[in-house]
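> Structure for this input, please:
(one chain, ligands or ions: 1)
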Amino acid sequence: MAPMQDVTDLAFWRLLSTYGGPDVYWTEYFRVHSTSSLERWILESITRNPTGKPAIAQMIGNDVPALVRTARELQKHPVAAIDLNLGCPAPVVYRKCAGGGLLREPKRIDAILGALRDCIGTRGIKFTVKTRVGFDDEAVFQELLPIFAKHSLDLLTVHGRTVSGMYRTPVRYDLIAMAVQAMPCPVLANGNVSSAQAAGSILQETGAKGLMIGRGCIRNPWIFDQIRSYLTQQAVALPSGRGVLEYVHALWQATEPPSSKERLQVEKMKKYMNFLGAGVGPDIGASTRFLHDIRRTTTREEFFRICESHLDHENPMPLEPLVPENNAAAPLATAHGDAT
Ligand SMILES: Cc1cc2nc3c(=O)[nH]c(=O)nc-3n(C[C@H](O)[C@H](O)[C@H](O)COP(=O)(O)O)c2cc1C
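Purely as a prediction, here's the structure:
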């Protein structure tokens, strides 16, 4: 499961694990700077990981001593790996030359990876990187791959878009395939894994060892099991509309804090619905109407009335995006009031 800020928290991990879930869970990113400390709510997904599967802690930042200090601290906790974010496209992040912004400065990446490689590895903990293929030009990827290889990463995840491509542009699976050829470590392919069939073709086209799935699993929590079935030549079971409706109820329940105000929880649910709604069928018109109507709800009753009017049926749901997923979903400000 991909790291997704304000989505892939402890509650979401717990819920998705009940649908089969992924083989590995990435945390949202820990923000690292000279005075940072580990965000409590992110650390909880590691210390209270209920999934029975490995957790990988992601960091974002560019301050070498702070990254080293944080990586040391994180290794005191039950993590399978420490991951560095080289892809976040939020302007507040990349303007500070962190996340995707670092892709404009390969020399700086070289120095950061060297320092992190030296301090990560206690108790078999791995060092991994999640990257995009460039800032605004994919040409830099040719320069980045030897740097990644030089630092003996244990795993590289490639989201096959540039930072300026956000979530819009076609995914460059050819560049992911290039990374697979160039890297001595396993590579995961990331970007638009939207169905079991898509997963099969992306694995074939890229030669990647595995996949990382983000928006696809918010829309379709069954996707991990569907992919397992597909890859082992078993029938892929699709949920019915009512199955999806039950998922929306479970999502509400799982993510509602104990003393949450109804209005706030409706707003929170709209964030998930941006992704799920893209796949609410049977056609593009129904999906667009669902998204339009759900964005106007303010109470629990209204919210579920709209959900029921679209999902209270027994037809199978492929849950593939019929309308483009909301690009504005990229992290800009967190639920914790903390601009990223
Ligand atoms: C709401 C949201 C939050 C995200 N937060 C992070 C993050 O914290 N760290 C990160 O490396 N990528 C983050 N991403 C990017 C995803 O991990 C993933 O690379 C991207 O969505 C493409 O994969 P997909 O097509 O399967 O969604 C985020 C994406 C979304 C939509």
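
> Just the pLDDT for the closest residue to residue 106 other than its chain neighbours.
Nearest residue to residue 106 in three dimensions, chain neighbours excluded: residue 143, at 5.2 Å (C-beta to C-beta, 6 or more residues apart in numbering). Every C-beta, even on glycine, is put in place using the N, C-alpha and C of the backbone. Residue 143 is assigned a predicted lDDT (pLDDT) of 97.

> what packs against the helix or strand where residue 143 lies?
Using DSSP states H and E, the element containing residue 143 is helix 141-150. In this structure, helix 141-150 packs against helix 106-119, strand 126-132, helix 173-182, with contacts taken as 3 or more C-beta pairs under 8 Å, 6 or more residues apart in numbering; DSSP states H and E.

> quick one, phi psi at residue 105?
phi -130, psi 70 (degrees, to the nearest 10).

> Residue 121 versus that one, what's the distance?
Applying C-beta to C-beta, to the nearest Å, the value for residue 105 to residue 121 is 25 Å.

> residue contacts, residue 240?
313-317 (C-beta atoms under 8 Å, 6 or more residues apart in numbering).

> Select from these every entry located in strands.
Among these, no residue falls in strands (DSSP state E).

> are any of those residues buried, and which?
Buried by 16 or more other C-beta atoms under 10 Å: residue 317, out of the contacts of residue 240.

> The residue nearest to residue 106: neighbour count?
14 (other C-beta atoms under 10 Å).

> for residue 202, same thing?
22.

> Make sure it is indeed in a strand.
No - assessed with DSSP: H, G, I helix; E, B strand; the rest coil, residue 202 is helix; it does not lie in a strand.

> Where do the domain boundaries of the chain fall?
10-231, 241-317 (automatic domain parsing).

> can you list the weak-confidence ranges in the chain?
Where the chain drops to pLDDT under 70, the residues are 326-340.

> So which bits of it are right by the ligand?
2-5, 7, 28-29, 58, 85, 87-88, 130, 159, 190-193, 213-216, 329-331 (C-beta under 6 Å from any ligand atom).

> Please repeat the previous calculation with a cut-off of 5 Å.
For the chain, the residues in contact with the ligand (C-beta under 5 Å from any ligand atom) are 2-5, 28-29, 85, 130, 159, 190-192, 213-215, 329, 331.

> Distance of residue 187 relative to the ligand?
14 Å (C-beta to the nearest ligand atom, to the nearest Å).

> Kindly apply the preceding question to residue 306 instead.
Taken as C-beta to the nearest ligand atom, the span from residue 306 to the ligand is 22 Å.

> can you tell me which residues contact that residue?
Residue 306 sits next to 290, 293-294, 297 when contact means C-beta under 8 Å, 6+ apart.

> Let's have those residues in a markdown table, adding secondary structure and neighbour count.
What follows is the contacts of residue 306, written out as a markdown table (DSSP: H, G, I helix; E, B strand; the rest coil; neighbours: other C-beta atoms under 10 Å):
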| residue | secondary structure | neighbour count |
| --- | --- | --- |
| 290 | helix | 24 |
| 293 | helix | 17 |
| 294 | helix | 21 |
| 297 | coil | 20 |
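
> hang on, the earlier thing: correct me if wrong: the residue nearest to residue 106 contacts residue 104.
No - if you go by C-beta atoms under 8 Å, residue 143 and residue 104 don't touch, sitting 11.2 Å apart.

> Correct me if wrong: residue 248 contacts residue 280.
No - using C-beta under 8 Å as the test, residue 248 is too far from residue 280 to be in contact (10.1 Å).

> Looking at these two, which has the bigger crowd around it?
Legend: neighbour count by other C-beta under 10 Å for residue 248 and residue 280, higher for residue 280 (26 against 18).

> Identify the residue spatially nearest to that one, adjacent ones excluded.
In space, residue 280 is closest to residue 290, 4.4 Å off (C-beta to C-beta, 6+ apart).

> Next one: that neighbour from residue 279, what distance?
Distance from residue 290 to residue 279, by C-beta to C-beta: 10 Å.

> Spatially nearest residue to the residue of the stretch 151-300 of the chain found nearest the ligand, not counting backbone neighbours?
Residue nearest to the ligand within the stretch 151-300 of the chain: residue 214 (2.8 Å; C-beta to the nearest ligand atom). Of all residues not flanking residue 214 in the chain, residue 2 sits nearest, at 3.5 Å (C-beta to C-beta, 6+ apart).

> just residue 145 next, same as before
Closest to residue 145 by C-beta to C-beta, 6+ apart is residue 182, at 4.4 Å.

> how much space between that neighbour and residue 101?
In terms of C-beta to C-beta, residue 182 sits 23 Å off from residue 101.

> Comparing these two, which residue is more hemmed in?
Neighbour totals were compared for residue 182 and residue 101, and residue 101 leads with 23 against 16 (other C-beta under 10 Å).

> Surely the more buried one and residue 94 touch.
Yes - using C-beta under 8 Å, residue 101 makes contact with residue 94 at a distance of 3.3 Å.

> who touches both of the two?
Counting by C-beta under 8 Å, 6+ apart, the residues touching both residue 101 and residue 94 are 135, 163.

> still on that earlier bit, any chance you could list residues touching both of residue 248 and residue 280?
With C-beta under 8 Å, 6+ apart, residue 248 and residue 280 have common neighbours residue 311.
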